[in-house]
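> Based on what follows, work out the 3D shape:
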Amino acid sequence: MAQHRGPSYGLGVGGPPTFGGPSMETSEPGALDTIRQYTSKIEDLLDTVSEPVKPYLPAIGRFLIVVTFLEDALRIVTQWSDQLLYLNEYRHIPSGLTHLFLLANVIAMITGSTMVITRKHSDYAVIGLMGVVVTQALGYGLIFDLNFFLRNLSVIGGLLMVMSDSWVRKSKAFAGIPEIDEKDRKMYFQLAGRVLLIFLFVGFVFSGSWSVGRIIVSVIGAIASIMVVVGFKAKFSATLLVVILSMFNLLVNNFWTLHEHHPHKDFAKYDFFQILSIVGGLLLLVNSGPGQFSIDEKKKVY
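Got it, this is the predicted structure:
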C-alpha cells in the first residue's frame, strides 16, 4: 500500500532555509491535497443530500448484493425444464445429478440471501453464496468466460464487504488458525472487498465497441476505481461508480424493453441484477469507509 511520505519540499541546490526564511510548512499543497480539498467539498454536499437515507444504506446495500442470487433462484424455478435440458444435453451431466445440482443451488441462494438480509449468521451465508458462484461457473461451463469471471469477482467483493460488516459485531476466529481480533479481520476483508469490487469495471473497459462517450466514461471510471483500490477519497469515488454503473445499467441492460422471447432478454436481465449486486457492495463501502488499509486512514494518523 502507498504510505505517507510527508510534504514534498523540492530538490533545490541550497541548504535548509536560514533563520527568518520561508518555513517548510508553508510550501504549496501537493496534487493529492488539492484533490482532497475539492472532493471533501463534494463529500460534504453528498452527506447533506443523503442524510435522510443514511440509516438505511447498510440494509439497501445488503439487499442489492444478494438480489442477483434471488433472481437466479427464481429463474431456475420458472425455467426448470430448460435448465435440466441444458445441463443434460450440452453439459453432459447425468439427469439425476442435474436435479440435485439445481435444487442445491436454489436452496443455497434463497437461504443465504435471507440470512444476509436479516443479518443472521452472515459469515456462513457469504461462504455459501460464494460456493454457489463457484459451482455455477463450473456447472454451466462459464469458468473461462472473461466477462463472467470479472463480474463474479466483483460480486464476491460485495459479499466480502458483507462479511467484514458482520464481523464488527462479533468476535469469532476460524478454527485451526491463530486468534485474530475482529477489527483486524474487518480491515483485511474490507481491503479484499474493495479491490474485487472494481473488477466489473475492468470488464466494462475491455468489452464492447468504442465511442467518445465510452472513452470518457471509461477514463472517469478507471480513475474512480484506482481511488477505491488505494482508499483515497474512497467514499466519493465509490459514490461516483454507483452513479456510473446505475446509469449504464438502466441504459444498456434495460431487459424490460425487450420482447418476452427476445434472445438477449435473459442475458440482459442477468447482467442487470449482477450490476445491482455490485452497486450494493459499493453502497456498503460508502457507508463503512475503506478501512485502515487506505490512504484516507493513513492521512488521519499522520
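
> low-confidence ranges in the stretch 101-250 of the chain?
167-185, 204-209 (pLDDT under 70).

> Could I get the contacting residues of Val217?
244, 248 (Cβ atoms under 8 Å, 6 or more residues apart in numbering). The way it works is simple: take the backbone N, C-alpha and C, and place the C-beta from them, glycine included.

> Which positions in the helix or strand hosting it come out as buried?
Using DSSP states H and E, Val217 sits within helix 212-230. Counting neighbours by 16 or more other Cβ atoms under 10 Å, one finds that the buried residues in helix 212-230 are 217-218, 221, 224-225, 227-230.

> same check, this time on stretch 96-111
98-99, 101-102, 105-106, 108-111.

> How far does it sit from its chain's centre?
26 Å (Cα atoms, centre = their mean, to the nearest Å).

> before we move on, what about stretch 142-149?
For stretch 142-149, the separation from the chain centroid amounts to 17 Å (computed by Cα atoms, centre = their mean).

> May I have that stretch as PDB, with CA atoms only?
Taking C-alpha atoms only, stretch 142-149 is exported to PDB below (Å, rounded to 0.1, in the frame of the first residue of the first chain):
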ATOM      1  CA  LEU A 142     -18.500 -20.400 -17.700                       C
ATOM      2  CA  ILE A 143     -15.300 -20.500 -15.800                       C
ATOM      3  CA  PHE A 144     -13.300 -19.400 -18.800                       C
ATOM      4  CA  ASP A 145     -15.700 -16.600 -19.800                       C
ATOM      5  CA  LEU A 146     -13.700 -13.400 -19.000                       C
ATOM      6  CA  ASN A 147     -16.700 -11.100 -18.500                       C
ATOM      7  CA  PHE A 148     -18.400 -13.700 -16.300                       C
ATOM      8  CA  PHE A 149     -15.200 -14.200 -14.300                       C
END
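
> Now that stretch: buried residues?
For stretch 142-149, using 16+ other Cβ under 10 Å, the buried residues are 147-148.

> hmm, back to that, export the buried residues of stretch 96-111 to CSV and append columns for secondary structure.
As requested, these are exported to CSV (DSSP: H, G, I helix; E, B strand; the rest coil):
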residue, secondary structure
Thr98, helix
His99, helix
Phe101, helix
Leu102, helix
Asn105, helix
Val106, helix
Ala108, helix
Met109, helix
Ile110, helix
Thr111, helix
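
> Out of those, which is nearest to Leu197?
Sorting those by distance to Leu197 puts Met109 at the head of the list, at 20.4 Å, by Cβ to Cβ.

> could you pull out the helices for the protein?
For the chain, the helices defined by DSSP state H cover 31-49, 57-78, 80-85, 95-118, 122-139, 146-166, 182-197, 199-205, 212-230, 234-252, 265-288, 295-301.

> Is it possible to get JSON lines of those that adds distance to His259?
Output for the helices of the chain, formatted as JSON lines (distance: least, Cβ to Cβ, whole Å):
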{"stretch": "helix 31-49", "distance to His259": "38"}
{"stretch": "helix 57-78", "distance to His259": "17"}
{"stretch": "helix 80-85", "distance to His259": "17"}
{"stretch": "helix 95-118", "distance to His259": "26"}
{"stretch": "helix 122-139", "distance to His259": "27"}
{"stretch": "helix 146-166", "distance to His259": "24"}
{"stretch": "helix 182-197", "distance to His259": "33"}
{"stretch": "helix 199-205", "distance to His259": "26"}
{"stretch": "helix 212-230", "distance to His259": "26"}
{"stretch": "helix 234-252", "distance to His259": "17"}
{"stretch": "helix 265-288", "distance to His259": "7"}
{"stretch": "helix 295-301", "distance to His259": "47"}
